[in-house]
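[1] below is the structure, and that's it, no one-letter string:
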């Protein structure tokens, strides 16, 4: 079920109406949240509800085993890891693995691994990477003694299956959410208004910006013969950078807004990543819940930066490549992670951003260079094949062809709107942050809602649903 669909509006109205009727009965509210969340997820394919149930059962009992039988805690922990990684591998990576085995052993002519893999395992369940990581973070934290396991399975499943962030994050930690779900607090007017603002801004980012930029990007990457203009491809990569940001940040905003209406607080998932003046800073601003997950549960357990310089770079490369593979079962995603690892390694070795950030003019140059790195990496993320990615990069740096950005009037308008919006937010001008008159704010959001209705692009799934 898509946030940007009529059926979701109906679903949300029913959900909040029933929640209101349940009052302060915590158990009833949690059961209703589980039922509604399973319905929300099962709207796409009911069969994959059992995957969430499976992940939940494994981690619920593994956590109890970790606390109840300390001598076997490592065994229970490994059970959680293998079960979750195993389900991910089976449903998300089996096709990719089969294809590469076919290529490696040249079996296509006699026996094809892909052809003999059941179709059920070649379909990636929506959001599987998100809820398995969320479930694993629970047992990780119990194993490390950071939280106590909940003995109430209803409490645990309400946390795991909560529909606002179930299929595309943010990845919410158990230590943040479980305590919130054991109390019913009256939702203040401020929280209602804050939730409304987040939801409206999220829909604007997705439906007005991302969905209007999507056709430009799709046309460029799906063309049988690539446009040979360097300016055109720089324009397309800028359009894709805003498309993926507005698409994913839009979803996160809607999820956070819905959570506020439910009485919960989700962490912010984006913090203006494109103003970063180092790639390290970029990863503290982009998809914060995932980057912090990899830092806490992979990079630091591998040793982080505390086992010498060489080991630090090995850990960095492992983390970024695994992050790329998490995003998709394709070599393009693996290369995307590797490109970021390479840029981050160069940054660590030379410390060039910090050296250049001393003056305003050099800081602008640093921002430009970091932005170029991000755009180049996005080529691998979006390209349909590695060959296509390399060809596009060659065109980008050939500096040839006519000066055309390929945006058209609509694309130019919507990119300009997003740039202006980001500048207003970043500079924190009175016109955006310090309105004193409620009427002005209401008029502003009325105009935003009007633009969502009349300027929306062709509806599409959120990009991160595929991950």
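    Sure, I can see it. If you're wondering where the values come from, they're calculated on a predicted model, not measured in any experiment.

[2] tell me the domain boundaries of the protein?
    The chain breaks down into these domains under automatic domain parsing: 6-184, 190-454.

[3] pick out the shakiest of those, pLDDT-wise.
    Per-stretch mean pLDDT for the domains of the chain is lowest at domain 6-184 (a mean of 85).

[4] quick one: end-to-end length of it, please.
    Using CA to CA, to the nearest Å, the end-to-end distance of domain 6-184 comes to 29 Å.

[5] quick check: buried residues in stretch 268-285?
    Neighbour-count burial for stretch 268-285, counted by 16 or more other CB atoms under 10 Å, picks out 269-270, 273-279, 281-283, 285. Yep, even glycine has a C-beta here, placed from its N, CA and C like the rest.

[6] that one: end-to-end distance?
    9 Å.

[7] could you shift the numbering so residue one becomes 88, and keep it that way?
    Understood, numbering begins at 88; the last thing we discussed is stretch 355-372.

[8] run the chain-centre distance for it.
    Its chain's average C-alpha position is 14 Å from that of stretch 355-372, according to CA atoms, centre = their mean, to the nearest Å.

[9] what residues does the particular helix or strand that has residue 149 in it touch?
    Residue 149 belongs to helix 136-155 when assigned by DSSP states H and E. Contacts to helix 136-155, defined as CB atoms under 8 Å, 6 or more residues apart in numbering, come from residues 125, 128-129, 159-160, 162-164, 166-167, 170-171, 174, 178, 212, 215, 218-219, 222-223, 225-226, 229-230, 235-238, 240, 243-244, 247-248.

[10] which of those are buried?
    By 16+ other CB under 10 Å, these give 125, 128, 160, 163-164, 166-167, 170-171, 174, 178, 212, 215, 218-219, 222-223, 225-226, 229-230, 236-237, 243-244, 247-248 as buried.

[11] keep only those of those residues that are in helices.
    Using DSSP state H, 125, 128, 160, 163-164, 166-167, 170-171, 174, 215, 218-219, 222-223, 225-226, 229-230, 243-244, 247-248 are the members of these that sit in helices.

[12] tell me who's in contact with residue 356.
    Taking CB under 8 Å, 6+ apart as the test, what residue 356 contacts is 256-257, 335-336, 339, 343, 374-376.

[13] contact partners for residue 272?
    Residue 272 sits in contact with residue 350, where contact means CB under 8 Å, 6+ apart.

[14] name the SS class of it, please.
    Counting by DSSP: H, G, I helix; E, B strand; the rest coil, the backbone at residue 272 sits in coil.

[15] measure it to residue 266 for me?
    Separation of residue 272 from residue 266 (CB to CB, to the nearest Å): 12 Å.

[16] stretch 277-297: how far from the chain's middle?
    The answer for stretch 277-297 is 17 Å, by CA atoms, centre = their mean.

[17] in that stretch, what counts as buried?
    Applying a neighbour-count criterion of 16+ other CB under 10 Å, one finds 278, 282, 284-297 buried in stretch 277-297.

[18] and stretch 140-150, how far out from the chain middle?
    Centroid separation for stretch 140-150 versus its chain: 23 Å, with CA atoms, centre = their mean.

[19] report the buried residues of that stretch.
    By neighbour count on 16+ other CB under 10 Å, the buried set for stretch 140-150 is 142-143, 145-150.

[20] chain center to the helix or strand residue 465 falls within: distance?
    Here residue 465 is covered by helix 447-469, with elements defined by DSSP H and E. A distance of 20 Å separates the centroid of the chain from that of helix 447-469, by CA atoms, centre = their mean.

[21] buried ones in it, by neighbour count?
    453-454, 456-458, 460-469.

[22] which helices and strands does the following helix or strand past that helix pack with?
    Of the helices and strands lying after helix 447-469 in sequence (DSSP H and E), the nearest is helix 473-483. Judged by 3 or more CB pairs under 8 Å, 6 or more residues apart in numbering; DSSP states H and E, the packing partners of helix 473-483 are helix 317-349, helix 418-437, helix 447-469.

[23] which residues are contacting the shortest one?
    Contacts to helix 418-437, defined as CB under 8 Å, 6+ apart, come from residues 365-367, 370, 399-400, 403-404, 406-412, 414, 439-440, 460, 463-465, 467-468, 470-473, 476.

[24] residues contacting residue 269?
    Residue 269 is in contact with 113, 242, counting by CB under 8 Å, 6+ apart.

[25] show the contacting residues for residue 289.
    For residue 289, the contacting residues are 90, 336-344, by CB under 8 Å, 6+ apart.

[26] how much space between the residue lying closest to it once chain neighbours are set aside and residue 271?
    The shortest distance from residue 289 to any non-neighbouring residue, by CB to CB, 6 or more residues apart in numbering, is to residue 340 (3.2 Å). The gap separating residue 340 from residue 271 is 24 Å, by CB to CB.

[27] the more surrounded of those two?
    residue 340 (25 against 14; other CB atoms under 10 Å).

[28] wait, that one sits on residue 281?
    No. Look at residue 340 against residue 281 with CB atoms under 8 Å: they stay out of range, at 11.0 Å.

[29] and of the buried residues of stretch 277-297, the nearest to residue 120?
    Among the buried residues of stretch 277-297, residue 282 lies closest to residue 120 (CB to CB), at 16.4 Å.

[30] that closest one reaches residue 348, doesn't it?
    Yes. Applying CB under 8 Å as the test, residue 282 and residue 348 come out as touching, 4.6 Å apart.

[31] which elements pack onto the helix or strand where residue 498 lies?
    Assigned by DSSP H and E, residue 498 belongs to helix 495-514. With contacts taken as 3+ CB pairs under 8 Å, 6+ apart, helix 495-514 sits against helix 298-309, helix 317-349, helix 517-520.

[32] closest one to residue 103 among those?
    Going by CB to CB, the one of the helices and strands packed on helix 495-514 nearest residue 103 is helix 317-349, 6.6 Å.

[33] report the next helix or strand after that closest one in sequence order.
    Counting by DSSP H and E, the element after helix 317-349 in chain order, helix or strand, is helix 366-372.

[34] need the next SSE after that next one, C-terminal direction.
    By DSSP H and E, the next helix or strand past helix 366-372 is helix 375-381.

[35] residue 247 contacts residue 218, correct?
    Yes. The pair residue 247 and residue 218 passes the contact test of CB under 8 Å, sitting 6.4 Å apart.

[36] buried set for stretch 482-493?
    Of all the residues in stretch 482-493, those buried under the rule 16+ other CB under 10 Å are 482-483, 492-493.

[37] for that stretch, which outside residues touch it?
    Residues external to stretch 482-493 that are found in contact with it (CB under 8 Å, 6+ apart): 303, 307, 313-326, 463, 466, 498-499.
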